[in-house]
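Engineer: 3D, please:
(one chain, ligands or ions: 3)
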Amino acid sequence: MTQKNQPSAFVSEIFSSAQGEGVNIGRRQLFVRFCECHRNCLYCDTPFQRTDSVRIETVPGSGTFKEFSNPLDCAGLIKLLKLLYSVVCVHDDLFLTGGEPLLHAKFLKEFLPQAKKEFALPVHLETSGDLVEEFESIAEYIDHVLMDIKLPSVTGEPETWLQHQHFMEAIRARRISTTIKLVVSADTAEEDLVEAIELITATQTEADVVLQPMTAASRTDRIPTAQQILHWQSEMACSLKKTVRIIPQSHKLMGLL
Ligand SMILES: Nc1nc2[nH]cc(C(=O)O)c2c(=O)[nH]1
Ligand code: SF4
Ligand SMILES: [Mg+2]
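Structural biologist: Ligands and ions are numbered 1, 2, ... in the order given. As a prediction, the model looks like this:
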């Protein structure tokens, strides 16, 4: 489904569901999940390898999928999104997730203006929050960012504080509405939370802050205790002097995609 010289992207799935994460929980979303990720979080529950085909849940919630071949060019992706757009009366947002959508920044730069024209939906971007150049190249098309601050004690990866800092500065300069998400497990180190607090304070971000605790539905047995979560919430809220929300992945609790 690709034309020569057109940017293309590997997409793993397209579906229509309720937003399960962050402060926009419950809003109806048209989801595009891109393949590929540059990170390797211990708790990752998403197969992000390139796939030969993209699957579309043609009737939302049915668990029945149609498959189309990868990669897709812009016209190809718009055509597939129209399949869902035509059967669901209302979507609140177009939600880009992954994997890491920003690995497809070149594609998104072509795709997003066309998608905005076609669907007239706000574009929400979920991202690990560390690829600043890629983000800057498409920032003008993004209406909301759901970004991570990755805690090394939780991801099992090296720290990326500086990348997150630059990312948050880029968002702030453009005044884009943002949710910062910190995934927390039983292994969350206090020093990581202190570092995250310093980062949020230093960048003077106006973003909403969400602690996303792992639950029984997560790919881990390192679920934080009630005492841990409530302690972290009060410590962070107190230091930041702002509301810190505890919001788990709600779609998993309901068996939604
Ligand atoms: N319902 C629903 N909400 C989501 N919010 C972020 C998601 C993700 O996979 O990143 C996700 C997802 O997979 N499903
Ligand atoms: S950034 Fe997201 S998709 Fe990538 S490895 Fe981590 S959890 Fe998985
Ligand atoms: Mg995600």
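Engineer: in the protein, which spans are helices?
Structural biologist: 74-85, 105-119, 132-138, 152-155, 161-174, 190-202, 226-240, 250-254 (DSSP state H).
Engineer: Which elements pack onto the second one?
Structural biologist: So that's helix 105-119. strand 8-9, helix 74-85, strand 93-97, strand 123-127, helix 132-138 (3 or more CB pairs under 8 Å, 6 or more residues apart in numbering; DSSP states H and E). Heads up, the C-betas are built off the backbone N, CA and C, glycines and all.
Engineer: at 7 Å instead, please
Structural biologist: With contacts defined as 3 or more CB pairs under 7 Å, 6 or more residues apart in numbering; DSSP states H and E, helix 105-119 has these neighbours: helix 74-85, helix 132-138.
Engineer: neighbouring contacts of it?
Structural biologist: For helix 105-119, the external contacting residues (CB atoms under 7 Å, 6 or more residues apart in numbering) are 7-9, 74, 77-78, 81, 85, 94, 101, 123, 134, 137-138, 141.
Engineer: Put the buried members of the residues you listed into a ChimeraX selection.
Structural biologist: Selection of buried members from the contacts of helix 105-119 for ChimeraX, criterion 16 or more other CB atoms under 10 Å:
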select :7,8,9,74,77,78,81,85,94,101,123,134,138
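Engineer: which one of the contacts of helix 105-119 is nearest residue 232?
Structural biologist: Distance to residue 232 across these (CB to CB) is lowest for residue 101, with 27.9 Å.
Engineer: ok, that closest one touching residue 123?
Structural biologist: No - under the criterion of CB atoms under 7 Å, residue 101 lies out of contact with residue 123, with a separation of 10.3 Å.
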